[in-house]
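Undergrad: Test case, fold it:
(chains A and B)
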Amino acid sequence: MISKLNLGCGRLPLEGWINLDLVPGAGVDVVADLDRCRTQPLPFPPERFDEFRGSHVLEHLRDPVPFMQELYRIAKPDATALFILPYGSSDDAFEDPTHIRPWFISSFAVFAQVGPTAPLPNYDADWVTDEIVLDVAPEWARGKTTENLLDEVGRLRNVVMEMRVRFRAQKPARAASLAQVPVTVNFNFPATA
Amino acid sequence: MSAHLRLEFDAASWRPDHVEVIASDGIARNAIDVSARNLPLPFADDAFSTIECGDVLRYVPEALAFMQELHRIASADATASFILPDVSSDDAYSPAFLTRPYTPMSFIYFSQPAYRRADYNYRGDWLIEEAIYIVRRERYAGVPVESVKAILEHERNQALCFLINLRAVKPIRRPTDPLPRIDPKIVLA
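TA: So this is what the prediction gives:
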């Protein structure tokens, strides 16, 4: 039986998932503050879940490192975590007054033990970024190569409509080391309403 | 009864983790600490029919609590006005103060329809009546509005600032109303 945790479900709990939110509400199974993971462990035993999902959650966190560490603790080996969030250079990253920080393609390497950023003190989780998917309007992408689009994502504002990041829990964690790790960035072109 | 409240950010009050605004209601000028989550604004419910906020909001750490307090002291249909640097402008980021950048769309989060997806425990309700980007006349005179909007969307430092006029909705609506899309006007200055 696959065990799945929906992080920050809000008013949109999902069937077949354990739904967690900061505030109680219809369909909320577990109330917990994801931003307090530094001092308050999540109310689950180690290696409890196969799959995590967090839609528009990461950008609300002041303290995401202890959160990713806690998530790793309750993740089974090779558990996956999908996060959906605004891209840092889109207005959407700041629209909501409770958004704390912008996230970019390069923001996730810090959660792995092997990567281009120096290891964080007291962080021993190891989340490998399997894939980053950027949603771009089809009319914007027409006639452009992936390289063209990546270049525009780096230079221009409001190119990306939404970002999805897929992590995998690498267990046991690897020894920390600095390395250039290629990140797979794919584009998706959702039909706009 | 048409009491007017004017709020100004007080840079002279600078201390880490501390934000003061000067509130002028025509009778007195008071310095108010707006750093806290449960900030009380020292005014009665429904006290003001117009509130002038200037660029105070970007310095306020707990914007939702602040806007809920403004809603409490505003009378039904009171107006509140804001002038802020846009998120796309370097001016929106201050080295001295913990500012957060805003965009006109941010202001939908001060209305109840924004909370269909999640409850942030915000109980104010402000309707966006008008949103205006100000751009430089020398550069944008004669440029079609749609072109100006496309430039504003993708480039930096093209909006001098934006203006927002809100209206207090009392009693507050349910969060199930459809989310409004706002279409800011372009004004040359």
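Undergrad: secondary structure class for the closest residue to B:Glu69 other than its chain neighbours?
TA: Leaving aside its chain neighbours, B:Glu69 sits nearest to B:Leu41 (4.6 Å; criterion: C-beta to C-beta, 6 or more residues apart in numbering or on different chains). Using the backbone N, CA and C atoms, a C-beta is placed for each residue, glycine as well. At B:Leu41 the chain is in coil, as set by DSSP: H, G, I helix; E, B strand; the rest coil.
Undergrad: Isn't B:Leu41 up against B:Ile73?
TA: Yes: the pair B:Leu41 and B:Ile73 passes the contact test of C-beta atoms under 8 Å, sitting 5.6 Å apart.
Undergrad: Residues of chain A that sit close to chain B?
TA: A:8, A:10-12, A:21, A:23, A:25, A:56, A:91-92, A:94-98, A:156-159 (C-beta under 8 Å from any C-beta of the partner chain).
Undergrad: Give me the buried subset of these.
TA: Buried residues within the residues of chain A next to chain B, counting neighbours by 16 or more other C-beta atoms under 10 Å in any protein chain shown: A:8, A:10-11, A:21, A:56, A:91-92, A:94-97, A:157-159.
Undergrad: Quick check: bridge partners of the residue nearest the centre of chain B?
TA: The centre of chain B sits closest to B:Phe82, judged by C-alpha atoms, centre = their mean, with a distance of 4.7 Å. For B:Phe82, the beta-bridge partners under DSSP bridges are B:Ile164.
Undergrad: hang on, it packs against B:Gly54?
TA: Yes: applying C-beta under 8 Å, one finds B:Phe82 in contact with B:Gly54, separated by 7.3 Å.
Undergrad: Provide the secondary structure category for the nearest residue to B:Lys170 once chain neighbours are set aside.
TA: Spatial nearest neighbour of B:Lys170, excluding adjacent residues (C-beta to C-beta, 6+ apart): B:Ala76 at 4.0 Å. Following three-state DSSP, B:Ala76 is assigned to strand.
Undergrad: per-residue pLDDT, B:Ala76?
TA: B:Ala76 carries a pLDDT score of 98 in this model.
Undergrad: Next: B:Ala47.
TA: For B:Ala47, the predicted pLDDT is 96.
Undergrad: Okay, and whichever residue of chain A sits closest to chain B sits in which element?
TA: Going by C-beta to the nearest C-beta, chain B is nearest to A:Gly10 of chain A, at 2.9 Å. Element membership of A:Gly10 [criterion: DSSP states H and E] is none; it lies in no helix or strand.
Undergrad: any idea how far the residue of chain A most remote from its centre is from A:Val153?
TA: Largest separation from the mean C-alpha position in chain A: A:Gly143, at 29.6 Å (C-alpha atoms, centre = their mean). As judged by C-beta to C-beta, to the nearest Å, A:Gly143 and A:Val153 stand 16 Å apart.
Undergrad: ok, how many other residues are close to B:Ser49?
TA: 17 (other C-beta atoms under 10 Å in any protein chain shown).
Undergrad: one step back: please identify which of B:Leu41 and B:Ile73 sits among more neighbours.
TA: Using other C-beta under 10 Å as the criterion, B:Leu41 and B:Ile73 rank with B:Ile73 on top: 21 against 18.
Undergrad: Skip the chain neighbours and tell me the closest residue to that one.
TA: Spatially, and ignoring its direct neighbours in sequence, B:Ile73 is nearest to B:Phe43 (4.4 Å; C-beta to C-beta, 6+ apart).
Undergrad: what's the burial count for the one you found?
TA: By other C-beta under 10 Å, 19 other residues sit near B:Phe43.
Undergrad: Isn't it up against B:Asp25?
TA: Yes: look at B:Phe43 against B:Asp25 with C-beta under 8 Å: they come within range, at 7.2 Å.
Undergrad: anything in contact with each of these two?
TA: Each of B:Leu5 lies in contact with both B:Phe43 and B:Asp25 under the rule C-beta atoms under 8 Å, 6 or more residues apart in numbering or on different chains.
Undergrad: circling back to that earlier point, who's in contact with the residue nearest to B:Lys170?
TA: Counting by C-beta under 8 Å, 6+ apart, B:Ala76 has contacts B:Asp46, B:Ala168, B:Val169, B:Lys170.
Undergrad: Just give the nearest non-adjacent residue to the first one, would you?
TA: In space, B:Asp46 comes closest to B:Ser75 once its chain neighbours are excluded; the distance is 4.4 Å by C-beta to C-beta, 6+ apart.
Undergrad: Isn't the one you found up against B:Phe48?
TA: Yes: counting by C-beta under 8 Å, B:Phe48 is a contact partner of B:Ser75 at 6.6 Å.
Undergrad: among the residues of chain A next to chain B, which are in helices?
TA: Counting by DSSP state H, the residues of chain A next to chain B place A:Asp92, A:Phe94, A:Glu95 in helices.
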